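Engineer: Sequence first, predicted coordinates after that:
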Amino acid sequence: MFCPYCGSQTVDGAAFCVKCGKQLPNISNKQEVQPAKTVAQQVLPVAGGTASTVQQIVKPNPGVSNLFVTPPEPRVSRIGYSNAINDSRFKSKKSSQGCAAFIFSLIIIPMPFIGFVCYSKFWDGMPFDEALKIGAGVSGIFLLFYLFLWLKKLFSSDWEGVVVGLAEEEHVYHRNRANSTYTDRNEYYYLYVVKIQTTSGKIKRIENKYQNSYYYNYFKPGDKVKYHHDIDYYEKYDKTNDTHVLCPFCARVNPITDDVCKCGAPILK
């Protein structure tokens, strides 16, 4: 179909236009909730000739998560991106997280250099000049890695898009066993992928090796999404049917009715 507002071609089943971001007509985001199944009633004789009826309820499959089931009516409308990202507590959490990462890098980067020098100095297992070269090389690699992450975050920006599909992709890698007890073989694994088309037309992917990953179960085709690059978090535009939401700092899944996570960060809902 085509967007009635801008005329762009839209994704089948999408709730929002990929180009202009406006909600498309005749789209229902309601999900069906499977009712609990019951078994046949059991009649038990009691004194006096009467009978007592016992009805057993079959419990839901414990392997199925109830975090993403549509809540019963009435529902609170939660359309739009959260203003909690401008909350002072949220900014404080981001600042604390950045300081912790900086302190961690100051500890990790010089550790290989110090370790090799100490090993050469006290255990005589390596010439001092060689220890200096190896330690400086490894610490330099760590430094370049942290600089790359910092520059990537510095030049990244927020973007919006629409979920266009969920996929289970089979991958294979060759495992070479050096031990003669084992033979070479191919091993398979799956990637559970959420595909998002940005407003600029690019396809972004959220990948995870676990089927019960949060985003893979949370998003549905047609959902409008915003990516917050500074906290590496994907926020859904319409959370009306949601029962739980992920904390962007501690990754704890919180009830949508809560305003603050147990870690102290406001919830983006």
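Structural biologist: Yep, it's here.
Engineer: Now Val253: phi and psi?
Structural biologist: Dihedral angles of Val253 (phi, psi; degrees, to the nearest 10) stand at phi -90, psi 120.
Engineer: Cys3 and Val245, how far apart?
Structural biologist: 28 Å (Cβ to Cβ, to the nearest Å). Using the backbone N, CA and C atoms, a C-beta is placed for each residue, glycine as well.
Engineer: out of those two, which sits in the busier spot?
Structural biologist: Here Cys3 and Val245 are compared on neighbour count by other Cβ atoms under 10 Å; more neighbours surround Val245, at 25 against 19.
Engineer: Tell me if I am right that the more buried one is in a strand.
Structural biologist: Yes. Per DSSP: H, G, I helix; E, B strand; the rest coil, Val245 lies within a strand segment.
Engineer: Can you give me the distance of it to Ile103?
Structural biologist: 29 Å.
Engineer: Using PDB, write down the CA coordinates of the one helix or strand Val225 maps to.
Structural biologist: Under the criterion of DSSP states H and E, Val225 resides in strand 224-228. The C-alpha trace of strand 224-228 is given here as PDB (Å, rounded to 0.1, in the frame of the first residue of the first chain):
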ATOM      1  CA  LYS A 224       8.200   2.500  14.900                       C
ATOM      2  CA  VAL A 225      11.600   2.700  16.700                       C
ATOM      3  CA  LYS A 226      14.100   5.300  17.800                       C
ATOM      4  CA  TYR A 227      17.800   4.400  18.500                       C
ATOM      5  CA  HIS A 228      19.500   6.400  21.300                       C
END
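Engineer: Let me know the next secondary structure element after that strand.
Structural biologist: Counting by DSSP H and E, the next helix or strand C-terminal to strand 224-228 is strand 233-236.
Engineer: Test my guess that Ser105 contacts Tyr146.
Structural biologist: Yes. Applying Cβ atoms under 8 Å as the test, Ser105 and Tyr146 come out as touching, 5.0 Å apart.
Engineer: bridging residues for Ala167?
Structural biologist: As for beta bridges, Ala167 partners with Val193 under DSSP bridges.
Engineer: rewinding a little: which helices and strands sit right next to the strand holding Val225?
Structural biologist: Under the contact definition 3 or more Cβ pairs under 8 Å, 6 or more residues apart in numbering; DSSP states H and E, strand 224-228 sits against strand 159-175, strand 233-236.
Engineer: contact partners of the shortest one?
Structural biologist: So the one you mean is strand 233-236. Residues from elsewhere that reach strand 233-236, judged by Cβ atoms under 8 Å, 6 or more residues apart in numbering: 81-82, 196, 206, 215, 218-219, 223-228, 242, 246, 248, 268.
Engineer: Tell me the strands beside it, with direction?
Structural biologist: Sheet pairing of strand 233-236 (DSSP bridges) gives strand 224-228 (antiparallel).
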